[in-house]
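Enquirer: return a 3D structure for these sequence lines:
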Amino acid sequence: MEWLVSKTGSFLNSTAAVFDHVIQVSTGLEATLSPAAIRVVKTIMGNDVLSAGFFLMILGSFYTFFRDLIVQYYYEVVSWFYVSVEVEEGDDCYRWLSDWVAERPLTTSVRHLTVKATWDDEREEGGYYQSTRGDERPRLVFIPGKGRHILYHKGYKINVSRERPEQAASADSEQSRLLASIQKKQCLTISTFGWDISRLKTIVLDAMEESYKKKQGKTTIYTTQPYDSYWSNSSTRVPRAFHSVILSDGLKAELLEDIMTFRGSSQWYHDRGVPYRRGYLLHGPPGTGKTSFIIALAGHLDMSVCIVNLGISGLNDQQLDQLLNNAPRNSILLMEDVDAALVKRKAGKAQGGTNNVTLSGILNALDGITAQEGSVVFMTTNHIRKLAPALIRPGRCDRKLLFDYADEHQIRGMFLKFFLSRSAETGLAVNEPVDPRSYTRKTDNKTTSTSPSEAAAQKEALLKTQGRKEEFDAMIHRLADEITTKLSYKDTITTAQLQGFFMLHRDNPDTILDKIPEFLEELRREREALSKKKSQRKERMAKKKSKEEAKEKKAKEDKERRRAAGEEVESSADEEEEEDDENDSDSFSDSDYYDEVTSISQTLKGLDKDMKEEKKEVKEEKANGFAHAEPGAAPAV
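Expert: Reported below is the predicted structural model:
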């Protein structure tokens, strides 16, 4: 130990002497360094503790440099003997491979995992789990976290590497979140030993097949997150029965026939040079089944649904165009409440938000040069008059369909849907008739015929049940007629309100007639409360507007007075922003925009008519002047 200390001390002393000698003999260094810096260096080299720390710092730097260099060259050499596949987040392959890796057992050496709770119906055992307490528990999915992991598949080793980009230091501001969205996406890399790439291709194909197998017979919902320009699989649900959506008589069949004709006419569109796209606008009061119909239609046609949120933070025209063009094939693009989205955009702009979607950007994304061929776009709105005419013209919205309050056909259909399929005792469906002759008794996995006496008794019981069911169905039809008469169209009832009312009394259809007056009274009170709330809001907005106008008027008067006095007056930022808002042609949040455009058009037509009449009168006056002029006299002008 003493020998090591002495050797270290002698080495440090010799190093200090060398540095001192170099400083003294090097004229160039003497000229470069100031006298104070030279004294500091001499002080460090003359102190054993400081010189030892300086030496250890240099030694550590050399160690870190050579270690990273060796590790880098090691992986460079090893990579020559491996084949790999890399995929970035946002691609469909990323989701396929992530699910594929999550379902494979990892080695016990894995220390970093990412856990995710899903509410899918499928469980790890392949069946369905329902607790005895009636609450459904989520399925926990463990995915390899950041770093390198190892799993075994079909006898060979698979290396899985997940790289996650570092987030910005401060993600509180809009600028930081926008910067984070521009950074590199998360990557997933799988590799295996050898030069045979077919193994990895097989893994990717297996992952894709497993993913599509899980989605078979289900409706996939795609959404997007703030500041992202790619689709993410939000949920997968059992498709809603198409017959369960009750619309006005003929409307559902008309829409279904139209979209099926479009999907089978791609060659017809291409032969005639017509863009192969179809747009629908569903408008009407809220709660009339617009979104429900679209989801049921997607399930009926075995299509996915991509929900486009135009009011999401960080969305701009370029990202919107990328989203619509990269939408999964065989999917419906759904833009809900487009009128509210444009209003929110203007409000967000006033509050300093980062939503930069413009009307021109929406129009170009729908039918621009880069618009996706074969796309089916549905837009919904509660106020069609708030939309710009350019947005709903043919070519962008080929069909405009009104989803109004429930009519007699919908009231009757919804009532029968809720109560006709339930039997008084057995709960048998009306559309599933029972044939007593085909009755057999199942015992475990065997099916055995009953004895003649048992068969006769069972046949008699079934006939009685069938008779009771027919009586029950007849009663339901009579109730449907009476309820349809009482819940008339003039009461402005939405299908959502009807559904809530029927669900509340689903176990007592015979008493539902007595509850109708109470239901209508409740709706009347709700409408009055809503109307009162709207009027109060209008009053508050009017007061606020009057205060702002008074404030602006006072500010203008002060400026005029200062200008009259010869003082210099600078234009405020509020005035510039107000001018920008006035010149912003893509903001259509004013509900009277359409009326204003119509009135301007009518005014122009009136002016044109007046000018034509004036020209006509001038011509008549000239003609009369020439006709009555005396010979040699000048014509009347």
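
Enquirer: any stretches of the stretch 51-200 of the chain with poor pLDDT?
Expert: Within the stretch 51-200 of the chain, the segments meeting pLDDT under 70 span 106-111, 119-136, 165-184.

Enquirer: pop the domain breakdown of this protein in here.
Expert: As given by automatic domain parsing, the domain ranges for the chain are 2-77, 82-216, 408-524, 592-637.

Enquirer: and Val87, its phi and psi?
Expert: Per-residue torsions, Val87: phi -140, psi 140 (degrees, to the nearest 10).

Enquirer: now swap in Gly90 and tell me
Expert: Taking degrees, to the nearest 10, you get phi 110, psi -20 for the backbone angles of Gly90.

Enquirer: next, the closest residue to it other than its chain neighbours: secondary structure please.
Expert: If the residues on either side of it in the chain are set aside, Gly90 comes closest to Tyr230, at 3.2 Å by CB to CB, 6 or more residues apart in numbering. The way it works is simple: take the backbone N, C-alpha and C, and place the C-beta from them, glycine included. Following DSSP: H, G, I helix; E, B strand; the rest coil, Tyr230 is assigned to coil.

Enquirer: give the contact list for Tyr230.
Expert: 89-91, 224, 323, 326 (CB atoms under 8 Å, 6 or more residues apart in numbering).

Enquirer: kindly report the same for Pro286.
Expert: Pro286 touches 382, 494, 496, counting by CB under 8 Å, 6+ apart.

Enquirer: Three-state assignment for it, please.
Expert: coil.

Enquirer: any idea how far it is from Leu487?
Expert: Here the distance between Pro286 and Leu487 works out to 19 Å (CB to CB, to the nearest Å).

Enquirer: buried ones in the one helix or strand Leu151 maps to?
Expert: Using DSSP states H and E, Leu151 sits in strand 147-153. Neighbour-count burial for strand 147-153, counted by 16 or more other CB atoms under 10 Å, picks out 149, 151, 153.

Enquirer: can you redo those residues as TSV with distance to Gly53?
Expert: As requested, these are exported to TSV (distance: CB to CB, whole Å):
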residue	distance to Gly53
His149	40
Leu151	46
His153	51
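
Enquirer: between those, which is closest to Gly368?
Expert: When the buried residues of strand 147-153 are ranked by distance to Gly368 (CB to CB), His149 comes first, at 43.4 Å.

Enquirer: hmm, that closest one is touching Lys157, no?
Expert: No. Under the criterion of CB atoms under 8 Å, His149 is not in contact with Lys157, lying 11.0 Å apart.

Enquirer: which residues in the stretch 351-500 of the chain form strands?
Expert: Along the stretch 351-500 of the chain, counting by DSSP state E, counting those that start in this stretch, strands occupy 376-381, 399-402, 441-443, 446-448.

Enquirer: lowest mean pLDDT across those strands, which one is that?
Expert: Between these, the one with the least mean pLDDT is strand 441-443; it has a mean of 40.

Enquirer: tell me which helix or strand in the chain has the weakest average pLDDT.
Expert: strand 441-443 (a mean of 40; mean pLDDT, DSSP states H and E).

Enquirer: those strands in the stretch 201-350 of the chain, which residues are they?
Expert: Under DSSP E, counting those that start in this stretch, the stretch 201-350 of the chain gives strands at 219-223, 232-237, 278-283, 304-308, 331-335.

Enquirer: just checking: what are the partner strands of the first one?
Expert: Looking at strand 219-223 with DSSP bridges, its partner strands are strand 232-237 (antiparallel), strand 304-308 (parallel).

Enquirer: swap in the last one?
Expert: Paired strands of strand 331-335, with direction, are strand 304-308 (parallel), strand 376-381 (parallel) (DSSP bridges).

Enquirer: in JSON lines, list the ones you listed along with distance to His112 and mean neighbour count.
Expert: Shown next, in JSON lines, are the strands paired with strand 331-335 (distance: least, CB to CB, whole Å; neighbours: other CB atoms under 10 Å):
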{"stretch": "strand 304-308", "distance to His112": "33", "mean neighbour count": "22"}
{"stretch": "strand 376-381", "distance to His112": "42", "mean neighbour count": "24"}
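
Enquirer: flag every buried residue along stretch 258-268.
Expert: 259, 262.

Enquirer: residues near the residue nearest to Glu163 when sequence neighbours are not counted, how many?
Expert: Sequence neighbours aside, Cys187 is the residue nearest to Glu163 in space, at 4.6 Å (criterion: CB to CB, 6+ apart). Neighbours of Cys187 under the rule other CB atoms under 10 Å: 15.

Enquirer: mind checking the backbone torsions on Cys187?
Expert: phi -120, psi 150.

Enquirer: state the mean pLDDT of the helix or strand harbouring Ala555.
Expert: Assigned by DSSP H and E, Ala555 belongs to helix 512-564. For helix 512-564, mean pLDDT rounds to 84.

Enquirer: which secondary structure elements does that helix sit against?
Expert: Applying 3 or more CB pairs under 8 Å, 6 or more residues apart in numbering; DSSP states H and E, we find helix 512-564 packed against helix 452-486, helix 495-504.

Enquirer: and the closest residue to Ile312 other than its chain neighbours, how many neighbours?
Expert: Leaving out its chain neighbours, the residue that sits closest to Ile312 by CB to CB, 6+ apart is Pro226, at 5.4 Å. Using other CB under 10 Å, Pro226 is surrounded by 15 other residues.

Enquirer: and Glu373, by the same measure?
Expert: Look at Glu373: counted by other CB under 10 Å, it has 11 neighbours.

Enquirer: residue contacts, the spatially closest residue to Val245 that is not a sequence neighbour?
Expert: The shortest distance from Val245 to any non-neighbouring residue, by CB to CB, 6+ apart, is to Ala296 (4.7 Å). By CB under 8 Å, 6+ apart, the contact set of Ala296 is 239-242, 244-245.
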